[in-house]
Each structure stands twice: as structure tokens, then as C-alpha cells.
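Participant: fold the following.
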Amino acid sequence: MNQDKMEIKTPEYVSLQFQLSGLGSRAAAFLIDQLILWTINASIIIILVIIMNNETFLPIFFAENTIPIAIMIIALFIINWGYFFTFEFFSGGRTIGKKLLGIRVIQENGHSITLLSSFIRNLMRIIDSLPTAYFLGIIMVFFHSKHKRLGDLVAGTIVVHERKAKRKKKLTPIEKEIAKRGLSKNDLSIDEWALKSFSVKDWKLVSTYVSRFQQLPESERNPLTKQISGILLPKIGFDVEEKAEGELENILLVLYLILRDEWEFEV
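Facilitator: Sure, this is the predicted structure:
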């Protein structure tokens with residue numbers, strides 16, 4: 001019950017962390033879905049009453065022709081069960097209620113819910129709703145360490161909170177300069193062995209260069225660019241003497257982007 005987060009390792013050895021959805025958010029989402037279904041159910045019943053041209057609802061059940069009643073019961077069952085099954089499979093594990101609450105159903109391995117998982121999970125609603133008002137399902141979600149009801153246990157699914165989209169990070173002045181030049185990490189191909197030849201000392205050298213890049217006048221920047229290029233670029237097979245200052249600047253800026261991913265949070 002206290003386990004609010006779950007870490008999943010994918011077959012590609014990528015670690016993903018999800019925040020599990022508890023009883024409160026799941027119950028709120030379920031109530032929203034039920035309000036939608038109650039509205040649909042009431043509409044169907046009212047339409048049937050009008051079609052059969054009865055003044056009150058009760059006499060319908062005693063009418064000689066029970067075919068409309070049978071059709072209505074079957075239609076209501078399909079709609080009430082199919083609502084959850086259809087939305088969860090075709091809408092990425094989200095019913096309307098779940099989408100509004102920011103939660104979704106996924107498989108325990110972190111993948112999207114499958115057709116079979118959705119079918120089994122929602123078929124088990126019949127048992128989870130026993131003896132009444134989803135009592136069994138509520139007890140299971142409340143006490144289970146991963147907030148699972150019986151349907152989740154059988155189908156191998158969990159309900160998690162959606163990951164909030166990260167706000168776009170404001171670009172630093174040097175990042176604006178790099179973007180202005182149309183540069184990216186893909187402009188420089190460095191194999192794994194060459195990348196490992198760079199040390200923390202090299203990272204500090206290139207990051208210091210980049211931090212001072214826009215403040216230095218061209219007369220001072222060009223010699224510094226040549227000097228640092230002569231130290232760093234031979235490690236990735238570049239002949240500094242054959243490159244112009246502007247080209248060397250671009251290579252160092254791209255190298256900064258690559259080494260930043262390796263060293264920024266290591267030192």
C-alpha cells in the first residue's frame with residue numbers, strides 16, 4: 001500500500017520508473033466513467049420507453065412482447081463492458097475518466113496494454129464488482145502493494161500516472177549560438193573507443209572554452225581555438241592544420257555537446 005513507485009527494466013535493459021495510481025485517483029476516474037455510462041444507459045431506457053409507447057416504465061416488464069427488453073439488456077451489457085475494453089485498448093489504456101485524471105493502464109513490463117490483457121482485465125470486472133459496488137475490487141486495490149484489483153493480477157497490468165511533459169528548457173546563450181549555426185551532435189561521428197579517450201580534464205577544457213566563446217573578441221578567440229583544437233581533435237582523427245578557424249569552432253562546439261552528455265553530471 002505504501003509502494004507508490006515501481007521500477008521496470010525493459011528487455012533492452014532500460015530502467016523506467018512509474019508512479020502507481022492509488023485507490024483515490026482510480027475511484028475518481030471510475031466514477032466519471034460511470035456517470036458517462038449512466039447517462040448512456042438512461043438515454044437507451046428512455047428511448048425504449050418512448051418506442052413502446054408506455055406511460056410509465058414499470059408496465060414494460062409485464063408486456064407480452066419481451067423482445068425489446070431482451071435487446072435492451074444485451075445492448076446495455078455490451079455497452080457497459082465494451083466501454084472499458086474498447087477505450088483501454090484503442091486509447092492507450094485510458095478511458096475518458098482515466099484521461100481526465102491523468103492515469104492509464106499498462107502491462108507490468110512497461111509496454112502498452114494488449115488486446116488480450118484488456119479483454120481479461122475487463123472480463124474480471126464481474127468478479128471485482130462482487131458482492132456489490134465494486135467492494136472486492138476496492139479492498140484489493142487498497143491492500144495490494146501495487147494497487148491491483150483482481151483483473152490486474154490476472155491480466156498482468158498496472159495503473160500508473162501519466163508522465164507530465166517536461167517544460168521546454170530555456171536555451172543558454174551558447175546553445176542559441178549552436179542552434180544559430182545549425183549544429184547538432186549528429187554532425188560529428190565519434191566511435192566508442194575514441195569517446196573513451198577523452199578525460200574529465202578534456203571536458204573541463206572544452207567547457208571552459210565554450211563558456212568564454214562569446215565573450216572573446218575574434219582576435220583572441222582564433223588562437224585559442226587553434227590551441228584547444230590541437231589538444232582535443234587529434235584524438236578523433238582530425239588534422240587541425242587543414243581546417244579553417246570557423247570549421248574548428250564548429251567541431252569544438254559539437255564536441256562540447258557530445259562530451260556534455262558524458263561528463264556534465266559526472267563531475
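
Participant: name the element the closest residue in space to Arg181 that isn't next to it in sequence belongs to?
Facilitator: Using Cβ to Cβ, 6 or more residues apart in numbering and skipping residues adjacent in sequence, the residue nearest Arg181 is Asn250, 6.3 Å away. Where C-beta positions appear, they are placed from N, C-alpha and C, glycine not excepted. Per DSSP states H and E, Asn250 falls inside helix 245-263.

Participant: so where do the strands sit in the stretch 101-250 of the chain?
Facilitator: With DSSP state E, counting those that start in this stretch as the criterion, the stretch 101-250 of the chain has strands at 103-107, 157-161.

Participant: the closest residue to Ile258 other than its chain neighbours and Asp191: what is the separation?
Facilitator: Closest residue to Ile258 apart from its sequence neighbours, by Cβ to Cβ, 6+ apart: Lys185 at 5.4 Å. For Lys185, the distance to Asp191 (Cβ to Cβ, to the nearest Å) stands at 14 Å.

Participant: give me the most central residue, this structure.
Facilitator: Arg163 (4.9 Å; Cα atoms, centre = their mean).

Participant: list the residues that contact Gly237.
Facilitator: Ala194 (Cβ atoms under 8 Å, 6 or more residues apart in numbering).

Participant: that older thread, show me what the helix holding Asn250 is packed up against.
Facilitator: Packing partners of helix 245-263 (3 or more Cβ pairs under 8 Å, 6 or more residues apart in numbering; DSSP states H and E): helix 173-180, helix 200-212, helix 218-232.

Participant: redo that, cut-off 10 Å
Facilitator: For helix 245-263, the packing partners by 3 or more Cβ pairs under 10 Å, 6 or more residues apart in numbering; DSSP states H and E come out as helix 173-180, helix 192-196, helix 200-212, helix 218-232.

Participant: in it, what counts as buried?
Facilitator: Across helix 245-263, burial judged by 16 or more other Cβ atoms under 10 Å covers 248-259, 263.

Participant: picking that back up, rank the helices and strands packed on helix 245-263 by pLDDT, which is bottom?
Facilitator: Lowest mean pLDDT within these: helix 192-196, a mean of 77.

Participant: next up, phi/psi of Pro131, please.
Facilitator: Main-chain torsions, Pro131, degrees, to the nearest 10: phi -70, psi -20.

Participant: Ser189 reaches Ile251, doesn't it?
Facilitator: No - using Cβ atoms under 10 Å, Ser189 is not in contact with Ile251; the gap is 11.6 Å.

Participant: so what sits against both of those two?
Facilitator: Counting by Cβ atoms under 10 Å, 6 or more residues apart in numbering, the common neighbours of Ser189 and Ile251 are Ile236.

Participant: what's the lowest-pLDDT member of the buried residues of helix 245-263?
Facilitator: Comparing the buried residues of helix 245-263 by pLDDT, Trp263 comes last, at 64.

Participant: whichever helix in the chain runs longest: what's the following helix or strand?
Facilitator: Using DSSP state H, we find that the single longest helix of the chain is helix 23-52. Downstream of helix 23-52, the next assigned helix or strand under DSSP H and E is helix 67-90.

Participant: follow-up on the earlier one: give me the more crowded residue out of Lys185 and Asp191.
Facilitator: Of the pair Lys185 and Asp191, Lys185 is the one with more neighbours under other Cβ atoms under 10 Å, namely 14 against 9.

Participant: pretty sure that one contacts Arg260?
Facilitator: Yes - if you go by Cβ under 10 Å, Lys185 and Arg260 touch, sitting 9.3 Å apart.

Participant: can you check the pLDDT for the nearest residue to Ala29 once chain neighbours are set aside?
Facilitator: Spatial nearest neighbour of Ala29, chain neighbours left out: Gly97 (3.6 Å); criterion: Cβ to Cβ, 6+ apart. The score at Gly97 is 95. That number is its pLDDT.

Participant: what is the distance between the longest helix of the chain and the centre of its chain?
Facilitator: 29 Å (Cα atoms, centre = their mean, to the nearest Å).

Participant: pLDDT on it, on average?
Facilitator: 89.

Participant: quick check: which ranges of the stretch 51-200 of the chain have low pLDDT?
Facilitator: For the stretch 51-200 of the chain, the stretches flagged by pLDDT under 70 are 52-65, 164-169.
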